[in-house]
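Q: Have a look; sequence and predicted model below, questions after that.
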Amino acid sequence: MAGRINDEDVKAVRDAVPIDAVVSEYLQLRNAGGGNLKGLCPFHDEKSPSFQVSPSKGFFHCFGCQEGGDTITFVMKIDHLTFSEAVERLAAQAGITLRYEEGGYNPAHQRGERIRLVEAHKIAAQWYAEQLATSPEADTGRAFLADRGFDQAAAQHFSVGYSPQGWDHLTRFLRGKGFSDKELLLSGLAQEGRRGPIDRFRGRLMWPIRDIGGDVVGFGARKLYEADNGPKYLNTPDTAIYKKSQVLYGIDLAKKDIAKASRAVVVEGYTDVMACHLAGVTTAIATCGTAFGGDHIKILRRLLMDNGSARVIFTFDGDAAGQKAALRAFEDDQKFAAETYIAIAPDGMDPCDLRLAKGDDAVADLVEPRTPLFEFALRQIVGRYDLDTPAGRAAALDEAAPVVARIKNSGAQHEVAVQLAGMLGILDTQFVVKRIAQLARWARDRGGKGPAPDRQQRGAGAPQPYATPGRPGPRGPALNLRNPVFATERELLKLALQRPELVSPAFDAYGVDEFTAPPYAAVREAIMEAGGAESGVEDPQGYLVRVREAAPDDAVRAMVTELAVEAILLHRGVKGVDEVYAGAQLVTVRRRAVERRIRDITGRLTRLAGHGDPAELAAVQNELWVLQQYDRTLGAQGAAAL
């Protein structure tokens, strides 16, 4: 059984790996103000960025789906790892050797399954690449690449390899590295033979497939010999680390340029990706043996940030299969906020063949956006009908109109409807426009009133979890942050978590009952359990971790993360987050607590008047006088009176 990772090592890993560096491996981050970064959440679909990262605090939080935590939590959630596996992965990146408290450090037995499978793929990729570079048997593979314009340097850049024709060359090699037969079968690198595991890939050219974080998770293998009865391309089967519908070949090389240029080029094969990158089109990626679909779109959207200038260009072969693939891509077109285009070479060549025939410039020119994908899809539909006859035009409209009606943006829908009328040769443009608008209404009606407006379109920057009336909080009734009482309490808690030096030690004297919003009271209690804001001044690195650990449940823990990440609000005329601003929040929360107590005592006096015990009445009157004097002092002296 795996030993528990030493707590000091966990802390060292958490401190050593910046959270923004880890998150930016998976999505594009932009400045959100206040030292924070923002991007499209990788844990749910959204159109505007509500996912924020605080590098200084080491936390992330999504104001849309409420996911949040530290660097380790992010890696656990994004790659579906256990806590130990996430720590081990980050430790490997940081060069930290972990200690295990039960049984000592034994990597071969104590690393998680995913870590082991990824490591097996990494070693296999290196071994395959060595075979291609040095093995005489790999001449066939080297010749194949050379015929397509790829030299040894290109093969090395893309880590292309070669799998020998024998039954178990890789299997025996990995056994020698300490991997069990079970691990080799689970990884997909081996399969069951008559006498035990044998290599899955034999006598093939090998392309390692990496996830967006850069780990090798599978392979694409191209047949080289006529005697091979298998398919032309053979991919790793779905495993614990590889799902073909969720990976894009080349994404590890292209992601930074995709984010920088707000442009992605989707090609059909591994050699097409190589050709594009070598021709300077470094935003090219490809699917791995499956059609481009919804999970692929999620990957690209996080990199493109779905801004108005983003472009996705699909390149498909000019044959019937390529046209069919383009139409499938169009079915998901509305999942992009980016504009989608199609690029097909006039002679139908793919980027690899085009580079061979006409050079790098021709490839670069091919992927310049020209034909919108919707226009291509409509022309394919319209082209199947005889537009010289009224019946042909009517039939073409019947098939094409529902396609246009799916376009969500009403302005774009109208524009495309006008273009469709021109394609069909229908002079009455308004007839086509009205027909499509009618179909769109019917589609909405069949779905009821349609989906509620996307909360991110209403404004992703504002804190959502307790800002919407009717939405329940972690503890207690629904909250509305437009209530200034709650808003001030929220600001004070953000200061206590993010800038404890500005509110300590006064904050630690505040009772839980001074926070009227139940979730905020729970956070105040967690801060108290963690040693108070003063402990955040003394040990700022471990402070937020302690507060999160002190939270009684996941809901309160999520609120702590949210408040630790959310930018501190500055009202007009406020110069910055300083002692004056912090003091104002402290005083406002305290004065409101005093005012509530004064109201309670005033009501008690009313009940006691005329028939109450004189001694009790005098005591209550005295308490009321003291509170009133304290309230006046707070109003006159501010934070100095705390």
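A: Nice, thanks for sending it over.
Q: So which residues of the stretch 101-250 of the chain form helices?
A: 107-110, 113-134, 139-147, 152-157, 169-176, 181-187 (DSSP state H, counting those that start in this stretch).
Q: Ignore what I typed, I meant the stretch 401-550 of the chain.
A: 410-424, 429-446, 484-498, 500-503, 518-529, 532-538, 540-550.
Q: which residues sit against the shortest one?
A: Right, the one you point to is helix 500-503. With contacts defined as Cβ atoms under 8 Å, 6 or more residues apart in numbering, helix 500-503 is touched by 492, 495-496, 507, 533-537, 540, 543, 577-579, 581-582, 585-586. Every residue, glycine included, has its C-beta placed from N, CA and C.
Q: can you check the longest one too?
A: Taking Cβ under 8 Å, 6+ apart as the criterion, the residues outside helix 429-446 that touch it are 397, 401-402, 404-406, 413-414, 417-418, 420-422, 424, 426, 450.
Q: hmm, try it at 6 Å
A: With contacts defined as Cβ atoms under 6 Å, 6 or more residues apart in numbering, helix 429-446 is touched by A401, P402, V404, A405, A417, V418, L420, A421, I426, G450.
Q: out of the helices of the stretch 101-250 of the chain, which comes closest to Q380?
A: Q380 sits nearest to helix 139-147 of all the helices of the stretch 101-250 of the chain, at 32.7 Å, using Cβ to Cβ.
Q: pLDDT on the closest one, on average?
A: Mean pLDDT, helix 139-147: 97.
Q: Pull out the buried positions in it.
A: G141, R142, F144, L145 (16 or more other Cβ atoms under 10 Å).
Q: Compute the inter-axis angle for that helix and helix 113-134.
A: 80 degrees (axes from the mean of the first three to the mean of the last three Cα atoms, to 10 degrees).
Q: what's the distance between the residue nearest to G149 when sequence neighbours are not counted and Y162?
A: Sequence neighbours aside, L356 is the residue nearest to G149 in space, at 5.0 Å (criterion: Cβ to Cβ, 6 or more residues apart in numbering). Here the criterion is Cβ to Cβ, to the nearest Å. By it, L356 lies 21 Å from Y162.
Q: okay, the two: which has more neighbours?
A: More crowded of L356 and Y162, by other Cβ atoms under 10 Å: Y162, with 30 against 16.
Q: any idea how far the more buried one is from H169?
A: Between Y162 and H169 the computed distance is 11 Å (Cβ to Cβ).
Q: which stretches of the stretch 401-550 of the chain have low pLDDT?
A: In the predicted model, the stretch 401-550 of the chain carries pLDDT under 70 at residues 445-482, 484.
Q: tell me which element the closest residue to L627 other than its chain neighbours falls in.
A: Nearest non-adjacent residue to L627, counting by Cβ to Cβ, 6+ apart: I598, 5.2 Å away. Assessed by DSSP states H and E, I598 sits inside helix 579-608.
Q: Determine the next helix or strand in the C-terminal direction from that helix.
A: Using DSSP H and E, the helix or strand that follows helix 579-608 in sequence is helix 614-637.
Q: For G289, what are phi and psi?
A: Dihedral pair for G289: phi 80, psi 20, per degrees, to the nearest 10.
Q: Could you give the number of residues near it?
A: 18.
Q: For the nearest residue in space to it that is not next to it in sequence, give me its contacts.
A: Nearest residue to G289, sequence neighbours excluded (Cβ to Cβ, 6+ apart): N235, at 4.2 Å. By Cβ under 6 Å, 6+ apart, N235 lies in contact with G220, C288, G289.
Q: What is the nearest of these to A240?
A: When the contacts of N235 are ranked by distance to A240 (Cβ to Cβ), C288 comes first, at 16.5 Å.
Q: Can you pull out the low-pLDDT segments for the protein?
A: Along the chain, the model assigns pLDDT under 70 to residues 1-3, 102-112, 306-308, 317-327, 330-337, 445-482, 484, 570-575, 610-612.
Q: Show me the beta-bridge partners of the residue nearest to G289.
A: G220 (DSSP bridges).
Q: Hmm, A94 is touching V17, no?
A: Yes: A94 is in contact with V17 according to Cβ atoms under 6 Å; the separation is 5.3 Å.
Q: Who has more neighbours out of the two?
A: Neighbour count, other Cβ under 10 Å: between A94 and V17, V17 has more, with 19 against 13.
Q: The more buried one and I96 touch, don't they?
A: No: counting by Cβ under 6 Å, V17 stays clear of I96, with 9.0 Å between them.
Q: about what we covered before: what's the most distant pair in the contacts of helix 429-446?
A: I426 and G450, at 28.6 Å, using Cβ to Cβ across the contacts of helix 429-446.
Q: what separates T516 from R202, distance-wise?
A: Relative to R202, and taking Cβ to Cβ, T516 is found at 70 Å.
Q: if we can go back for a sec, have a look at I426 and G450 and say which one is more surrounded.
A: Counted by other Cβ under 10 Å, I426 and G450 do not tie: I426 has more neighbours, with 18 against 10.
Q: got a list of what that one touches?
A: I426 touches V432, counting by Cβ under 6 Å, 6+ apart.
Q: go with 10 Å
A: I426 makes contacts with L387, P390, R393, A394, A396, L397, L420, V432, R435, as judged by Cβ atoms under 10 Å, 6 or more residues apart in numbering.
Q: ok, back up a step: can you say which of the helices of the stretch 401-550 of the chain is nearest to A641?
A: helix 500-503 (15.0 Å).
Q: CA atoms of that closest one as PDB?
A: The C-alpha coordinates for helix 500-503 follow below in PDB (Å, rounded to 0.1, in the frame of the first residue of the first chain):
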ATOM      1  CA  PRO A 500      -4.200  40.300   6.600                       C
ATOM      2  CA  GLU A 501      -1.600  42.800   7.500                       C
ATOM      3  CA  LEU A 502      -4.100  45.600   6.800                       C
ATOM      4  CA  VAL A 503      -6.800  44.300   9.200                       C
END
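Q: Pull out the buried residues from that helix.
A: In helix 500-503, the ones that count as buried by 16+ other Cβ under 10 Å are P500, L502, V503.
Q: Same question for stretch 397-411.
A: Applying 16+ other Cβ under 10 Å to stretch 397-411 flags L397, A400, A401, V403, V404, A405, R406, I407 as buried.
Q: Now D428. Nearest residue, chain neighbours left out?
A: By the measure of Cβ to Cβ, 6+ apart, the closest residue to D428 outside its immediate chain neighbours is A421, 7.6 Å from it.
Q: Distance check, the one you found against R435.
A: According to Cβ to Cβ, A421 and R435 sit 10 Å apart.
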